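[1] here is the input, now give the coordinates:
(chains A and B)
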Amino acid sequence: MDRRSFLKTTAATATLAAVGLPVAAADPIKIGFIYVGPVGDMGWSYQHDVARREMETALGGKVVTSFIENVPEGPDAERALTQLALEGNQLIFATSFGFMDATVNVAAKFPNVKFEHATGYKRAENLATYDARFYEGRAVQGTIAGRMTKTNKIGYIGSFPIPEVIQGINAAYIHAKKVNPDVEIKVVWAYSWFDPAKEADAAAALIAEGCDFILQHTDSTAPQAKAQEAGTVFTFGQASDMEAFKPSPRISSTIDNWAPYYIKRAQALVDGNWKSEGTWGGIGTGMVGIGEITSAVPAEVKAEAEALIAKISDGSYHPFTGPLKKQDGSDWLAEGKTPEDAELAGLNFFVEGISAEMPK
Amino acid sequence: MIGGIDIVTLIAALMAASTPVLLAATGELVAEKAGVLNLGVEGMMIVGAVAGFAMAVTTGSPVLGFAGGALAGALLACLFALLTQVFLSNQTATGLALTLFGLGLSALVGKGFEGVRPPPTGKMPFGPLADLPVIGPILFGHDWMVYVSLALVAGVWAFLKYARLGLILRAVGENHDAAHALGYRVIALRCAALAFGGALAGLGGAYLSLVRVPQWTEGMTAGAGWIALAIVVFASWRAERVLIGAYMFGGITALQLQLQAAGYAIPVHFLTMAPYVITVLVLVILSATHRHGAPAAPAALGRSFHASS
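    So this is what the prediction gives:
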């Protein structure tokens, strides 16, 4: 707790120092962020922080930002959000699913402050939500993994069994299965967004089970490091490009590109026309980027992946296109049908063929 | 293979996964045997993790990295020793402060080392022995730090049991006034025990950042230091039981992940709780069986010593 406020103060001071003395004209608008991990996780929180800095640069002296990192999901988040609101931030970004209820509560207490919650679904007059269609990137990863796997086993490190993660597991499996009928997916839940030692152990357990692809929905690069050690295992960068692990084990990545959205929202605030709305961007809008597919991927697989990216990008293909059945064998989507966004946002089951059980 | 779990892989994995807490717990055992309760294990571990990582990356040598991690842990322990042994500050509060200090300091120092890869720590060259079925991967397939950690446990066990200095150390931990009256240097011994404990905690941290993960990320110990403290209690202050405790704690972590990877729908939270439940049970059993004899904890544990009192 002490450390967090210390870091926060440091960050605020550093930001002030970077901006120099405030321009005498109009006072810049204050914008705050809370992150679930450290900005140095090189994944999720890092990527939000990159976007925060880009936003500050893009808006010149019109906004000044600060952040609190390592905010635990739960009641503590409420304290951190309240602190930011009391410090005069007019727009506050809460950047993890688990901040949802805390953000709703604090938004109700500060009706004049605008809030934005990432990956959630609860909105209010002064609370907008934004999310990226990470599952589009997972479809690409599934295609590459399905084509390249030699053991026909794909490992998946999940954080928590929430819709965002379940979408990813389903999308990866559907597309791996499409190109490789023998493929199976093994899921390990870490029950944490950020715990390098546990993520490394989870990767090691999956590798020991014979998986030669590790997909991760956790925030650190530990699984990448573990895969590299194993030598014959491939991975994908998660949230950030994780380019340190190119060209192998990291053979591509899903990059969360929040900057255009942050810039747009901050600009709207400056212009006085900020509205509460739900945004769900994908490859098409640029919110989801696919990092370089490296030379470790055979040319024809790369071409296939790129064709898929193009089809998703122009909207001619939806990664969840029927016929699809639920894990229990019941029907989900009929031939050619795609799910409504609202249904997808609440996805809580695996598709047929995944043997892992959904934790209760 | 039992129920889809490869036992050999499990044991090999748990040995590597347990080494950081094994080292830290062994160090803490020595400090507590001397009568000092240092709750700053987590802080010393994480400082060891970042210092070891920085050293290994800068010099390109994992050996120097581990040395640096041990040194950093020992230095932090010396700070604790100065505060609690010389200035007689409260050990519990100082230990907690040490943890918070270590977490902050490591985050600050580590800023430049995020996303960097450390030099690999080599496996012990056992040659054909490593290819033996079953015992090969379990006994001969590890990096050399695993063997160092086992040697340290054996060394500490022998030291406490057979060495004259070990006996004096235990005497200091049981009754510092009596030890002082006999002419033993209580403060000096306790400082040495603390420094040793800090060095081992630092070594454990360095193992985490150089081998187990391997990379530096802020807050990467994620509570391992507290587990080490629990293991010392679980082990009822005996070196050989520290080994069992550490491997059990590490084993359950490895097991729950492997069970999931093998496709079992297991109640993860129950398994994660299990070692702590067992620790509580051990404490209850200990206090019940020792009702008429000597308690398992060193009698002077956590009490400050001053020659005048």
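[2] just the helices in chain B please.
    All helices of chain B, identified by DSSP state H, fall at B:7-33, B:41-59, B:62-81, B:91-110, B:135-139, B:144-162, B:164-174, B:176-181, B:186-207, B:224-234, B:239-261, B:268-289.
[3] what pLDDT does residue 158 get?
    You didn't pick a chain, so chain A it is. We have a pLDDT of 94 for A:Gly158.
[4] should've been chain B
    97.
[5] swap in A:Glu243?
    A:Glu243 carries a pLDDT score of 86 in this model.
[6] neighbours around it, how many?
    Residues within reach of A:Glu243, counting by other C-beta atoms under 10 Å in any protein chain shown, total 16. For the C-beta atoms, the positions are set from N, CA and C on the backbone; glycine is no exception.
[7] then B:Val153?
    Other residues within reach of B:Val153, judged by other C-beta under 10 Å, total 21.
[8] who's in contact with it?
    Shown in contact with B:Val153 (C-beta atoms under 8 Å, 6 or more residues apart in numbering or on different chains): B:Leu22, B:Thr26, B:Ala239, B:Glu240, B:Val242, B:Leu243.
[9] now do A:Val179
    Contacts of A:Val179 (C-beta under 8 Å, 6+ apart): A:Thr143, A:Gly146, A:Arg147, A:Glu304.
[10] which of these ranks first by neighbour count?
    A:Gly146 (25 neighbours).
[11] excluding chain neighbours, what is closest to it?
    Excluding the flanking residues, the one nearest A:Gly146 by C-beta to C-beta, 6 or more residues apart in numbering or on different chains is A:Ala176, at 3.3 Å.
[12] what comes up buried for whichever strand or helix holds the one you found?
    If you go by DSSP states H and E, A:Ala176 is part of helix A:163-179. Residues A:163-177, A:179 are the ones in helix A:163-179 that count as buried (16 or more other C-beta atoms under 10 Å in any protein chain shown).
[13] my read: B:Gly73 touches B:Phe196, true?
    No - here B:Gly73 lies out of contact with B:Phe196, judged by C-beta atoms under 8 Å, at a distance of 9.8 Å.
[14] quick one: which of those two has more around it?
    Ranked by neighbour count (other C-beta under 10 Å), B:Gly73 and B:Phe196 place B:Gly73 first, with 37 against 23.
[15] can you give me the helices in the stretch 151-300 of chain A?
    Remark: helices assigned in the stretch 151-300 of chain A by DSSP state H, counting those that start in this stretch are A:163-179, A:196-208, A:222-230, A:259-271, A:299-313.
[16] winner for burial among these?
    Counting by mean count of other C-beta atoms under 10 Å in any protein chain shown, helix A:196-208 has the highest mean neighbour count of these, with a mean of 28.
[17] quick one: it near chain B?
    Yes - under the criterion of C-beta under 8 Å from any C-beta of the partner chain, chain B is reached by helix A:196-208 at A:Pro196, A:Ala197, A:Lys198, A:Ala200, A:Asp201, A:Ala202, A:Ala204, A:Ala205, A:Leu206, A:Ala208.
[18] which other helices and strands contact that helix?
    strand A:153-158, strand A:184-189, strand A:213-216, helix A:222-230, helix B:7-33, helix B:239-261 (3 or more C-beta pairs under 8 Å, 6 or more residues apart in numbering or on different chains; DSSP states H and E).
[19] can you pull out the low-pLDDT segments for chain B?
    Within chain B, the segments meeting pLDDT under 70 span B:1-4, B:290-295, B:309.
[20] OK, now which residue of it is nearest to chain A?
    B:Ala265 (3.5 Å; C-beta to the nearest C-beta).
[21] surely that residue meets A:Trp189?
    No - judged on C-beta under 8 Å, B:Ala265 makes no contact with A:Trp189 at a distance of 10.3 Å.
[22] identify the contacts common to the two.
    Both B:Ala265 and A:Trp189 are in contact with A:Pro359, where contact means C-beta under 8 Å, 6+ apart.
[23] between these two, which one's more packed in?
    A:Trp189 (22 against 12).
[24] look up which residues are beta-bridged to the more buried one.
    Per DSSP bridges, the residues bridged to A:Trp189 are A:Gly158.
[25] tell me the spacing between it and A:Asp131.
    21 Å (C-beta to C-beta, to the nearest Å).
[26] likewise for B:Ala228?
    40 Å.
[27] who's more crowded, the two?
    Between B:Ala228 and A:Asp131, counted using other C-beta under 10 Å, the more crowded position is B:Ala228 (32 against 21).
[28] that one reaches B:Ala24, doesn't it?
    Yes - the criterion here is C-beta under 8 Å, and B:Ala228 meets it with B:Ala24 at 3.7 Å.
[29] in TSV: the helices of the stretch 151-300 of chain A, plus distance to B:Thr289 and mean pLDDT.
    Below are these laid out as TSV (distance: least, C-beta to C-beta, whole Å; pLDDT from 0 to 100):
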stretch	distance to B:Thr289	mean pLDDT
helix A:163-179	47	95
helix A:196-208	35	90
helix A:222-230	42	89
helix A:259-271	62	94
helix A:299-313	64	95
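[30] ok, which of the ones you listed comes nearest A:Lys62?
    helix A:259-271 (5.2 Å; C-beta to C-beta).
[31] distance from the closest one to the middle of the chain?
    Distance, stretch centre to chain centre, for helix A:259-271: 20 Å (C-alpha atoms, centre = their mean, to the nearest Å).
[32] and if you look at stretch A:175-192?
    19 Å.
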